[in-house]
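1. Requesting a structural model of the entry that follows:
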Amino acid sequence: RQTEQGGLTGTIPPDFSQLNELLVLNLASNNLTEFPPDLGNLLKLKRLDLSSNSLSQSIPTELGNLAVLNELDLSNNLLSDSIPSELGNLAGALEVLDLTNNKLSEMIPSSFGNYVGKVTSIYLNGNVNLSDPTPLLLCFHPGFDLLNDTTMCPPERNSLKVFYDSAKGQDWTNVSSWLEPHSDHCSWHGVTCDSSNKTVIGLNLTNNGLSGTISKNISGLTSLKVLDLSDNDIKGLV
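-> Next comes the predicted model:
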């Protein structure tokens, strides 16, 4: 069954949640001001489109219960507050997550790293109050629309992450702050940044258990002045 869009205004009645066989709910381009109640009970829902309404509250955390949802479109509303971490629970089936053009704020939840390796397209553009940086893993997800935003996904942080993987960072002696989802790469152990523009100017990981190879992505550290990888078992050319 499918509920089509139309000239709806205001709110949806409470008994709406009893439609537990509903597969598609399309209420786009109306003037709804609140989410339909108890959406988390519609466990068979595969597509939920509430785009282009006047929804102005927080995104309900219960949407994370919709385990078979393929598409969630809440774009072009007035949604505020943070993105609930529960939306990361949808990584198994979700193919499209569209939250563009709202008033969402704070950090993108680290649970969005669950989408890496999935086919999900994630659209967050037009939420100017989102805090940077994006969870690190999400910056390596090709379906993420802010992938090339250098504020949300700092290129030097990406380069250091690739360097870490190539040099078997999981075996390092000191990995303080490295790869923490929202950490500033300038706070990572051994990394020194220019305080004026936060570019990496030093990388000192001497005697830190590095092995593997030196990734060519280190060339992305274009302002690097000091590189000390001595007393390690790393191979390759700089």
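
2. Gln57: what's it in contact with?
-> Applying CB atoms under 8 Å, 6 or more residues apart in numbering, one finds that Gln57 lies in contact with 34-35, 79-81. All C-beta spots, glycine's among them, are computed from the backbone N, C-alpha and C.

3. how about low-confidence regions in this structure?
-> 1-7, 10, 238 (pLDDT under 70).

4. Can you check which strand is longest in it?
-> Using DSSP state E, we find that the single longest strand of the chain is strand 200-204.

5. ok, Val128 - how many residues close by?
-> 10 (other CB atoms under 10 Å).

6. Use 49 as the first number from now on
-> Sure, I'll start numbering at 49, so the last one becomes Val176.

7. related to what we said a few turns ago, what packs against the longest strand of the chain?
-> helix 203-214, strand 239-241, strand 274-276 (3 or more CB pairs under 8 Å, 6 or more residues apart in numbering; DSSP states H and E).

8. Name the residues of the second one that come out as buried.
-> Burial within strand 239-241, assessed by neighbour count using 16 or more other CB atoms under 10 Å, is assigned to 239, 241.

9. Given that strand, what are its sheet partners and their directions?
-> Sheet pairing for strand 239-241, assigned by DSSP bridges, gives strand 248-252 (antiparallel).

10. quick one: contacts of the partner strand?
-> By CB under 8 Å, 6+ apart, strand 248-252 touches 204, 208, 233-234, 238-242, 266, 269, 271-277.

11. Return the members of these classed as buried.
-> 204, 208, 233-234, 238-239, 241, 266, 269, 272, 277.

12. so the longest strand of the chain versus helix 203-214, what angle?
-> With axes from the mean of the first three to the mean of the last three CA atoms, to 10 degrees defining the directions, strand 248-252 sits at 20 degrees from helix 203-214.
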